[in-house]
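> I'd like to go over a predicted model; first the sequence, then the structure.
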Amino acid sequence: MSALDSLQVDSAVSYLVAFLLPALDAVFPLVPSETAVIALGVATAGSTDPRIALLVGLVAAGAFAGDNLCYLLGRRFGPAVQRRFFASQKGMKARAWAERSLERFGPQLIVVCRFIPGGRTAVTLTCGLTGYPRRRFAAATAVAAVIWALYAFLIGRVGGHAFADNPWAGLVVAFGASIAVSAAIEAIRRLWRARRSRGDAGQVEADHAGEDQGDRDELHGGDRVAQEDHADRRRPRGADPGPYRVSGADIKVAQGHGQQPEAGQRR
């Protein structure tokens, strides 16, 4: 009996695989959870047993449990998690990317990263480390778990139906299709990031140009004020119609202090 034969809907092994591997994959990314779920779909492709829905539900529950386990690890054991997963240069870059992306996209990133290789662990742990709102995280991971479970199981069933006489060929084709989908999502993410980076750079340049122009205008305005002030100081005091003129009681006060009124002062 082959390994696929042991993953039938009436086998206890199927239910253990459906829950445990997606849960462990969150903490140990090398665990082949997606391959296992696709294999479940291939093995049960010819069955219409209603217990298949239970298998899909267990897959989603396992994925949800694993994501929230990562969140709790990051929340409760932050320093240890930092040393274990983000101490290397690659790990620091992964966390920095997760923090920037969470700030910009929030729950959408949590859902999409379920399909990005390595993205799930980086994002879920970072959510715990940074104190991302627990309810929002739980809701996003629930949606991601259901979508992922249906997607992986469906790919397996399609491959199993297409290669009913050769289940292993169906598994290979289905697995290849899942890799192609993940690669396409990653390519779209990179293109989007590059486009946003170019847009941000252009915005910064425009802002700097405006600020430079504003600075130049302010300097010109300051020069005009200085020139007017200098002209006022060179103006003959007798021509000054304003507060520089002294008369009346002010002259008496000045004379009382032994001062002579300046030329141009009116008596």
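Nice, thanks for sending it over.
> what ranges do the helices span in this protein?
Counting by DSSP state H, the chain has helices at residues 12-27, 33-43, 51-76, 78-85, 89-105, 107-112, 119-130, 134-162, 167-234, 249-256.
> Mind listing what's buried along the fifth one?
Think helix 89-105. The neighbour-count check on helix 89-105 (16 or more other Cβ atoms under 10 Å) flags 91, 94, 95, 98, 99, 101, 102 as buried. For glycine as for every other residue, the C-beta is placed from the backbone atoms N, C-alpha and C.
> relative to helix 134-162, how tilted is that helix?
Relative orientation of helix 89-105 versus helix 134-162 (axes from the mean of the first three to the mean of the last three Cα atoms, to 10 degrees): 100 degrees.
> So what's the residue count around residue 147?
As a burial measure, residue 147 scores 16 neighbours (other Cβ atoms under 10 Å).
> ok, now how distant is the spatially closest residue to it that is not a sequence neighbour from residue 120?
Residue nearest to residue 147 in three dimensions, not counting chain neighbours: residue 111, with 6.9 Å by Cβ to Cβ, 6 or more residues apart in numbering. Computed as Cβ to Cβ, to the nearest Å, the residue 111 to residue 120 distance reads 11 Å.
> Give me the more crowded residue out of the two.
Counted by other Cβ under 10 Å, residue 111 and residue 120 do not tie: residue 120 has more neighbours, with 24 against 19.
> What residues does the most centrally placed residue in the chain make contact with?
The chain has residue 101 as the residue nearest its centroid, 0.9 Å off, counting by Cα atoms, centre = their mean. Contacts for residue 101 (Cβ atoms under 8 Å, 6 or more residues apart in numbering) come out as 109, 123.
> Okay, it and residue 127: tell me how far apart.
Counting by Cβ to Cβ - residue 101 and residue 127 are separated by 11 Å.
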